[in-house]
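Peer 1: how would this look folded up:
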Amino acid sequence: MDTTFTYPFPMPTNYQAPGIPSTQPQPTTPPSKVEALIKKNKERIVPKLFQPITLGNVTLKNRIVVSPMCQYSSVDGFMNDWHLVHHGTFAKGGAALILFEASAVCPQGRISVHDSGIWKDEHIAPLKRIVDFVHNFKAVAGIQIAHAGRKASTVPPFLDNGRALMKEDKGGWSNVEGASPIAFNSEMLVPHELTCDEIKRVIEQFKQAAIRVDKAGFGAVEIHGAHGYLIDSFLSPTSNKRTDDYGGSFEGRTRLLMEIVGAVRGVWPCDKLLMVRVSCEEWVDDGWHIDDTVRLAKMLKEAGIDVLDCSSGGNSSTQHIKVAPLYQVPFAERVKREVAGLGVSAVGLINTPEEAISVLEQDRADLIMLARPLLRDPFWPLHAATSLGLDVDCCLQYTMGKYT
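Peer 2: Numbering: from 1, shown residues only. Okay, here's the model as predicted:
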């Protein structure tokens, strides 16, 4: 028996999807007021947060994006019912783009043994089940593909000794890989420095992962080049001490990412979103900085990406981050100002609807990525709309609970 969810009835007239400004009068609205209500809805001013946007060849129903959030709940890389409910709730809650968590392109590229994976064809079917559910709500399902590099084989952060090294007798592994044989900190393993032939293997793994992502039906893929994982460790001079073609100069240190982007772009359909996440600022004096990011962003745009996801930090254990609300938004703003035509997302301590709206209305970014606020409230988009006095559609089965 096929258990895939689809609506078993025709959709009501004027109904669109969760998170889209509503043109659908409530069933209890007197007929004499229906036309006036529809007219009022069409004439109201909708903040950018709830306006559609087209990036590349994809139109998102609003500007709210679910940031990738590792759940550390997989076995052998397979997503399961936890992920169906986790991502499915965000789809019901009205987000426009839902980025599934970092999924490893090879087993040793996992952050922990419990990470999601996309390194074999068997991973496709469980992913497709979740993707199909998400797409029922006119949300776009995306996924982040990743290699943890020297930060692999650790304990999930919510367990005892979280972020410590995972022992081999507990499922960890010792063959972690990196740009150079430099451990992230004194408690982590010294990584094996990838040879040029092994780098070619990694690039091919990202390419094959993207092919599987497409087969699973995703509408977006994000290459994870941030937070100290493999690609980020190549970008930064603090962790990349190579003297070959993949080190030294800016061109050398960015070569791995650019070759991965080229390989993925070659197999990824043009009618789907191609995204890259980077740490725009390393927060150490001798590291990677926003000027480097702007330079890289121009190269990535020419290589055919649609959106740069602007985060920061994670590559140095000596980083000093000045954390405050919207603290990473200036990075997104700088890229948006200097790289015309490239979509830009902002992330990091954006908590309230007013904060999100201020970023968009001031043209500092195109998309708002949320993580912790959505963990606290998966229906954040609907509640944000209500707080702004905006009527948006909710999923039909929850109509009786809609604020009126």
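
Peer 1: State the helix or strand in which the closest residue in space to residue 73 that isn't next to it in sequence lies.
Peer 2: Among residues not flanking residue 73 along the chain, residue 82 sits closest, at 4.7 Å (Cβ to Cβ, 6 or more residues apart in numbering). C-betas here are computed from N, CA, C, even on glycine. For residue 82, the enclosing helix or strand under DSSP states H and E is helix 81-92.

Peer 1: Pull out the buried positions in that helix.
Peer 2: 83, 84, 86, 87, 88, 90, 91, 92 (16 or more other Cβ atoms under 10 Å).

Peer 1: Return the list of helices and strands in contact with the helix or strand following it.
Peer 2: Heading C-terminal from helix 81-92, the first helix or strand you meet, by DSSP H and E, is strand 97-104. Secondary-structure packing of strand 97-104 (3 or more Cβ pairs under 8 Å, 6 or more residues apart in numbering; DSSP states H and E): strand 64-66, helix 81-92, strand 116-117, helix 124-135, strand 140-146, strand 220-225.

Peer 1: How far off centre is strand 97-104?
Peer 2: Its chain's C-alpha centre and that of strand 97-104 lie 6 Å apart, by Cα atoms, centre = their mean, to the nearest Å.

Peer 1: do stretch 126-141 as well
Peer 2: Per Cα atoms, centre = their mean, the centroid offset for stretch 126-141 relative to its chain is 15 Å.

Peer 1: thinking again about what came up before, which one of the buried residues of helix 81-92 is nearest residue 146?
Peer 2: residue 83 (15.7 Å; Cβ to Cβ).

Peer 1: who's in contact with the spatially closest residue to the closest one that is not a sequence neighbour?
Peer 2: Once flanking residues are discounted, residue 83 sits nearest to residue 130: 5.7 Å by Cβ to Cβ, 6+ apart. Neighbouring residues of residue 130 by Cβ atoms under 8 Å, 6 or more residues apart in numbering: 79, 83, 84, 87, 88, 100, 141.

Peer 1: how close does residue 149 get to residue 102?
Peer 2: Look at residue 149 and residue 102: by Cβ to Cβ, to the nearest Å, they are 12 Å apart.

Peer 1: Output the longest helix belonging to this structure.
Peer 2: helix 196-215 (DSSP state H).

Peer 1: nearest to residue 121, of the contacts of residue 130?
Peer 2: Ranked by distance to residue 121 (Cβ to Cβ), those are led by residue 79 at 14.3 Å.

Peer 1: Where do the strands of the stretch 201-350 of the chain begin and end?
Peer 2: Along the stretch 201-350 of the chain, the segments classed as strands by DSSP state E, counting those that start in this stretch run 220-225, 273-279, 307-311, 343-347.

Peer 1: Next, the angle from the last one to strand 273-279.
Peer 2: In this case it means strand 343-347. Interaxial angle, strand 343-347 versus strand 273-279 (axes from the mean of the first three to the mean of the last three Cα atoms, to 10 degrees): 50 degrees.

Peer 1: burial measure for residue 249, as a count.
Peer 2: 10 (other Cβ atoms under 10 Å).

Peer 1: quick one, phi psi at it?
Peer 2: phi -70, psi 170 (degrees, to the nearest 10).

Peer 1: Then residue 397?
Peer 2: Dihedral angles (degrees, to the nearest 10) for residue 397: phi -70, psi -20.

Peer 1: Next: residue 368.
Peer 2: phi -110, psi 120.

Peer 1: The one 5 residues further on now?
Peer 2: Here the main-chain torsion angles of residue 373 (degrees, to the nearest 10) amount to phi -60, psi -30.

Peer 1: Quick check: it vs residue 67, distance?
Peer 2: Residue 373 is 10 Å from residue 67, by Cβ to Cβ.

Peer 1: ok so, going back, what sits in contact with each of residue 149 and residue 102?
Peer 2: Counting by Cβ under 8 Å, 6+ apart, the residues touching both residue 149 and residue 102 are residue 229.

Peer 1: coming back round to it: compare the strands of the stretch 201-350 of the chain and give me the one nearest residue 197.
Peer 2: strand 220-225 (21.2 Å).

Peer 1: Now do the buried residues in that closest one.
Peer 2: 220, 221, 222, 223, 224, 225.

Peer 1: Could you dump the strands of the stretch 201-350 of the chain into CSV with mean pLDDT and distance to residue 177 added?
Peer 2: CSV is the format used below for the strands of the stretch 201-350 of the chain (pLDDT from 0 to 100; distance: least, Cβ to Cβ, whole Å):
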stretch, mean pLDDT, distance to residue 177
strand 220-225, 98, 15
strand 273-279, 98, 19
strand 307-311, 98, 22
strand 343-347, 98, 27
